[in-house]
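# 3D model of this:
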Amino acid sequence: MATAENLKQDLPPKGGYRPISFARVFPKPFASNKTLVATYLACTGVGWYLYLLNDKQIDNYHIESRSALIALTPLLDAEADREFLKQLRRNREAEERIMKDVKGWKTGTLYGEPVYKTIGDKLIPPGFNEYYMHSPDGALLDRAYWHKYL
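Next comes the predicted model:
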């Protein structure tokens, strides 16, 4: 067991502790106000310059895209018209194939009565259901409700 003579008590060092600093110490400034404002203005200027360059590129891209669309529109319209006429031909051929065994059946008529009015060279487009009569399953629904896929 330790005796009271062997115990050493913690005491302050000789001369005492140093004084406690409680004064407010401000951090060293990173840069002066003028330097910060100049850096801000330089970054803003460079940013605007790059923005305007990018804006010109985007405008040029839009002009090129619109020009391409204008150039391709007649071709796309012609292809759509061509496909329309090809589908009419497929419908006529399907009618001939389906009704070949029916006596007195003439394609484009209903037992000899013309179904379509004759108005010269003008084409009267068929109705939606008639146009898609011999198309693959779902073609009519895809076309009729195409807005669901956008």
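# biggest helix in this structure by residues?
In terms of residue count, the longest helix belonging to the chain (DSSP state H) is helix 33-98.
# The helix or strand following that helix: how far from the chain's middle?
Per DSSP states H and E, the first helix or strand lying C-terminal to helix 33-98 is strand 109-110. Remark: strand 109-110 is offset 48 Å from the chain centroid, using Cα atoms, centre = their mean, to the nearest Å.
# Mind listing residues that contact strand 109-110?
Residues from elsewhere that reach strand 109-110 (Cβ atoms under 8 Å, 6 or more residues apart in numbering): Val115. Placement of C-beta: from N, CA and C, glycine included.
# That one pairs with which strands, parallel or anti?
strand 113-114 (antiparallel) (DSSP bridges).
# Show me the shaky parts of this structure.
1-4, 116-118, 146-150 (pLDDT under 70).
# Let's see that with 90 instead.
With pLDDT under 90 as the threshold, the chain has low-confidence stretches at 1-17, 19-31, 88, 91-92, 95, 99-100, 102-150.
# In contact with the residue located most distally from the centre of it, which residues?
The C-alpha centroid of the chain is most remote from Glu5, which lies 87.9 Å away (Cα atoms, centre = their mean). Residues in contact with Glu5 (Cβ under 8 Å, 6+ apart): none are found.
# Would you mind measuring from it to Pro12?
Distance, Glu5 to Pro12, by Cβ to Cβ, to the nearest Å: 22 Å.
# likewise Tyr111?
Counting by Cβ to Cβ, the gap from Tyr111 to Pro12 is 125 Å.
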